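Peer 1: structure here, sequence nowhere to be found:
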């Protein structure tokens, strides 16, 4: 009898604790821990956006997301579409996982993350098929491969699981921008040197069947470098980009 | 004969790494030493040869337009292919989990050797890429899917042990400081890919 009466208040204490915890979680859900007193683009938040562009670039420094990045850099247009698709997926998957972060049991978090990302990618795929069918055909399986793009999973694991909604959103946008930047730079060089075009426009002049029919640079006997269109050159261009970036930003050099 | 052709094609001509850059993240991260590279490569062969045939069956009897016709004529018009991403990745994640548990139970030595690489494989692009290319190629039988999965795995294995061997040697060379590590690895991979392009056009 005495034991039971002793037990009861203990339970209520536990209940109160639970309620407090739940309340706190609910607060965190809507007002993420840090955002309350910070302006929307405070220095710390801005850093989330600008850091991945150079010092912490997902491709050249974190080495994430190379998988689906390089195959689609032959031309600028698919590269830009890919960058936009990745931005959408990363921003929203970061946001959603950040909302769910207190509810996901850590043992099954990878599957939960994969399901969130896969649903978003399926959505992006359907939108692209509806409004940009040609590009969607060109990108073929690489849209689907955004799911396993290490950059998405990497940022979910490293950032969204431990940060508020707004900051996670910014982190997603920033990292996707860093990724898109490399994609577009590589595609720029490959399309310009490989086929003398940018976005399909002949910026170096027109190449006719003979020298007399050609215009622009081609009239002087310039030839496109067909090697740039082959997949190995994507790797070499990224290698050279890394070289340039690290010789400019020497703290990134590996020992 | 077609099987051999597909096998050679998936290893050399459509090599996952050198032609499509799939699985590059783990390829770059794990290729520092030969031992880990061999472990991960073996795990990839293993998982690819299991998941590609399973996803093939799933695609054949559940997802593609008209795949549900075995249920009855009224189901023949249903097209569930928009679900393929989610289904494929779910199958892959589940299979990896299963393989991990089986290996842990029956081959603890192998489990110790593979370590964290097994769970990492779930997010290796090569695995999902294998499933998506399988869907795109529209194979007519499960034998082709199995051959393709196994061949792609071997191609990935060859690529990673190749780069690991070169990286182990190159630590003794005098590479320009900003190019050290990641940069030179990219360039070497590019050169290896150029070499692999010489297999193009082989028909058996």
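Peer 2: Thanks, I have it. Treat the numbers as computed from the prediction; the structure is a model and nothing was measured.
Peer 1: element containing the residue nearest to the spatial centre of chain A, please.
Peer 2: The residue lying closest to the centre of chain A (CA atoms, centre = their mean) is residue A:176, at 3.1 Å. Per DSSP states H and E, residue A:176 falls inside helix A:165-195.
Peer 1: chain center to that helix: distance?
Peer 2: Its chain's average C-alpha position is 8 Å from that of helix A:165-195, according to CA atoms, centre = their mean, to the nearest Å.
Peer 1: I'd like to know which elements it is packed against.
Peer 2: Under the contact criterion of 3 or more CB pairs under 8 Å, 6 or more residues apart in numbering or on different chains; DSSP states H and E, helix A:165-195 touches helix A:43-50, helix A:76-100, helix A:150-158, strand A:197-198, helix A:231-248. For glycine as for every other residue, the C-beta is placed from the backbone atoms N, C-alpha and C.
Peer 1: tabulate these in TSV, adding columns for distance to chain B, mean neighbour count and mean pLDDT.
Peer 2: Shown next, in TSV, are the helices and strands packed on helix A:165-195 (distance: least, CB to the nearest CB, whole Å; neighbours: other CB atoms under 10 Å in any protein chain shown; pLDDT from 0 to 100):
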stretch	distance to chain B	mean neighbour count	mean pLDDT
helix A:43-50	22	15	76
helix A:76-100	11	22	89
helix A:150-158	4	23	81
strand A:197-198	23	16	82
helix A:231-248	3	21	86
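Peer 1: the closest residue to residue A:246 other than its chain neighbours: how many residues sit nearby?
Peer 2: If the residues on either side of it in the chain are set aside, residue A:246 comes closest to residue B:178, at 3.6 Å by CB to CB, 6 or more residues apart in numbering or on different chains. Residue B:178: 20 surrounding residues under other CB atoms under 10 Å in any protein chain shown.
Peer 1: and the gap between residue B:57 and chain A?
Peer 2: Going from residue B:57 to chain A by CB to the nearest CB, to the nearest Å gives 19 Å.
Peer 1: in what helix or strand does that residue lie?
Peer 2: helix B:34-58.
Peer 1: near residue A:132, how many other residues are there?
Peer 2: Residue A:132 has 17 nearby residues by other CB under 10 Å.
Peer 1: next, give phi and psi for it.
Peer 2: phi -140, psi 60 (degrees, to the nearest 10).
Peer 1: ok, it - contacts?
Peer 2: residue A:81 (CB atoms under 8 Å, 6 or more residues apart in numbering or on different chains).
Peer 1: do the one 5 residues further on as well
Peer 2: With contact taken as CB under 8 Å, 6+ apart, residue A:137 is in contact with no other residue.
Peer 1: could I get the pLDDT score of it?
Peer 2: At residue A:137, the model reports a pLDDT of 83.
Peer 1: distance check, it against residue B:136.
Peer 2: For residue A:137, the distance to residue B:136 (CB to CB, to the nearest Å) stands at 11 Å.
Peer 1: find the nearest non-adjacent residue to residue 83, please.
Peer 2: Picked chain A for this. residue A:180 (3.0 Å).
Peer 1: my question was about chain B
Peer 2: Closest to residue B:83 by CB to CB, 6+ apart is residue B:63, at 6.3 Å.
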